[in-house]
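Asks: quick one, fold the following:
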Amino acid sequence: MANESMANEVNHMRRITTIWVIVSVVADLLFWFLVGPHVPPGRMTEQAHSNQTTFNVLLVIALPVLLGVWIYLGYAIRFWNAKRADTPEPVGGEAARATRKVQVMWISITSIIVIAMAETAAMSGSSSWSPGKPLVVQVIGQQWAFTYRYPNFGGFESSKLVLPVNTHIIFNVTSLDVIHSFWAYQLSVKADANPQINNVAYAETSQTGNFVVRCSELCGLWHGAMYNYGKVVSQSAFTTWATTTESTNAANTANLPPFAWTYVPDANNAAGSLYPDGTVTPYSPVEVYGSKTPAS
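Replies: Below is the predicted model of the structure:
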């Protein structure tokens, strides 16, 4: 009777294991090929692709664990229900005590999975931060809009964020007033925009397409409306756009402050009032911001 009971238990475990392996393989394959390519943030930059791959790998690892728990619980409810007269006592009794081998295996396997997941996440976060030959783009947050300066093209400022494909991008993010946050999730880029601080973020564009830029830091009444759109285009299309915009905006660019990594928002009386009221010196003797002093 003892041998027969043991054989039945072995058959149960073999059956559970077989079901688990088949279901896990099918679920992992379906997720990887059908769902994985569409998981945010997408593949528009190397960073976004890396984050997507990391998420997909972690979910492929997690799915068998989740399915194992569900399958075991479902099997136990179905076959080891104490109400079934033809099944033995669901508690294993003495035979289930001090199963040190199972305990060691469980602790070892789960530890390896956790360590591997941590290593994968760590590698994905640091492997692609090599700018190579970068295009520098300055992101300027202000209530309630983002603008972009291109120091490689005369420092012109644009409300459009246009990037060339297959290029290392260095975003230099700052603010003119309160704290904002530059978030382009399809590029997998998110960086706080703090006044008088240059916050640097990197991306390597790998495919053309459109993306959305949002502010993800509560910054005032119209925070929810602080967004615009950007696009990644071919290198030739970007060069044409950048050179044309530089030439067209030359007069406006001349009235901007010289390109700098940060700007002081209260210079030239810009804090709290756009126009001098005659009671204070309208232009800062130290900082230069905005156009030249108008003729009196």
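Asks: I'd assumed residue 166 was in a helix, is it?
Replies: No - assessed by DSSP: H, G, I helix; E, B strand; the rest coil, residue 166 does not belong to a helix; its assignment is coil.
Asks: my guess is it meets residue 206, correct?
Replies: Yes - distance between residue 166 and residue 206: 6.6 Å, which falls inside the contact criterion (CB atoms under 8 Å). (C-beta placed from N, C-alpha, C; glycine too.)
Asks: more neighbours: the two, which one.
Replies: Neighbours were tallied for residue 166 and for residue 206 using other CB atoms under 10 Å; the higher tally belongs to residue 206 (16 against 13).
Asks: burial count for the closest residue to the more buried one other than its chain neighbours?
Replies: On the basis of CB to CB, 6 or more residues apart in numbering, the spatially nearest residue to residue 206 that is not a chain neighbour turns out to be residue 46, at 5.4 Å. A total of 21 residues lie near residue 46 under the criterion other CB under 10 Å.
Asks: swap in residue 216?
Replies: Under the neighbour criterion other CB under 10 Å, residue 216 is assigned a count of 16.
Asks: and for residue 152?
Replies: What residue 152 shows, counting by other CB under 10 Å, is a neighbour count of 12.
Asks: and stretch 221-234, which residues are buried?
Replies: Taking 16 or more other CB atoms under 10 Å as the basis for neighbour counts, the residues of stretch 221-234 that come out buried are 223, 226, 230-233.
Asks: what sits up against it?
Replies: Outside of stretch 221-234, the residues that reach it under the criterion CB atoms under 8 Å, 6 or more residues apart in numbering are 44, 141, 143-146, 159-165, 180, 184, 205, 207-215, 217, 219, 241.
Asks: now with 6 Å, please.
Replies: 144, 146, 161-163, 165, 205, 208-215 (CB atoms under 6 Å, 6 or more residues apart in numbering).
Asks: end to end on stretch 163-183, go ahead and measure it.
Replies: End-to-end distance of stretch 163-183: 15 Å, with CA to CA, to the nearest Å as the criterion.
Asks: identify each buried residue in that stretch, please.
Replies: By 16+ other CB under 10 Å, the buried positions in stretch 163-183 come out as 163-165, 167-169, 171-178, 180-183.
Asks: who are the contact partners of the residue sitting nearest the centre point of the chain?
Replies: Within the chain, one residue has its C-alpha closest to the average C-alpha position: by CA atoms, centre = their mean, that is residue 188, at 3.9 Å. Neighbouring residues of residue 188 by CB under 6 Å, 6+ apart: 41, 45, 47-48, 51.
Asks: tell me the two of the residues you listed that are most distant?
Replies: By the measure CB to CB, 45 and 51 form the most distant pair in those, at 9.4 Å.
Asks: quick one: which of the contacts of stretch 221-234 is nearest to residue 264?
Replies: residue 146 (18.9 Å).
Asks: from residue 183, how far off is the closest one?
Replies: Plainly put, residue 146 is 10 Å away from residue 183 if you go by CB to CB, to the nearest Å.
Asks: quick one on the thing from earlier: between residue 45 and residue 51, point out the one with more neighbours.
Replies: Neighbours were tallied for residue 45 and for residue 51 using other CB under 10 Å; the higher tally belongs to residue 45 (29 against 22).
Asks: just the helices in the stretch 101-250 of the chain please.
Replies: Ranges of helices in the stretch 101-250 of the chain, per DSSP state H, counting those that start in this stretch, are 235-248, 250-255.
Asks: show me what the first one is packed up against.
Replies: Contacting helix 235-248 under the criterion 3 or more CB pairs under 6 Å, 6 or more residues apart in numbering; DSSP states H and E are the following elements: strand 161-164.
Asks: can you pull out the strands in the stretch 1-150 of the chain?
Replies: With DSSP state E, counting those that start in this stretch as the definition, the stretch 1-150 of the chain shows strands at residue ranges 134-142, 145-150.
Asks: dump these to JSON lines, plus distance to residue 60 and mean neighbour count.
Replies: Formatted as JSON lines, the strands of the stretch 1-150 of the chain follow (distance: least, CB to CB, whole Å; neighbours: other CB atoms under 10 Å):
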{"stretch": "strand 134-142", "distance to residue 60": "33", "mean neighbour count": "20"}
{"stretch": "strand 145-150", "distance to residue 60": "36", "mean neighbour count": "20"}
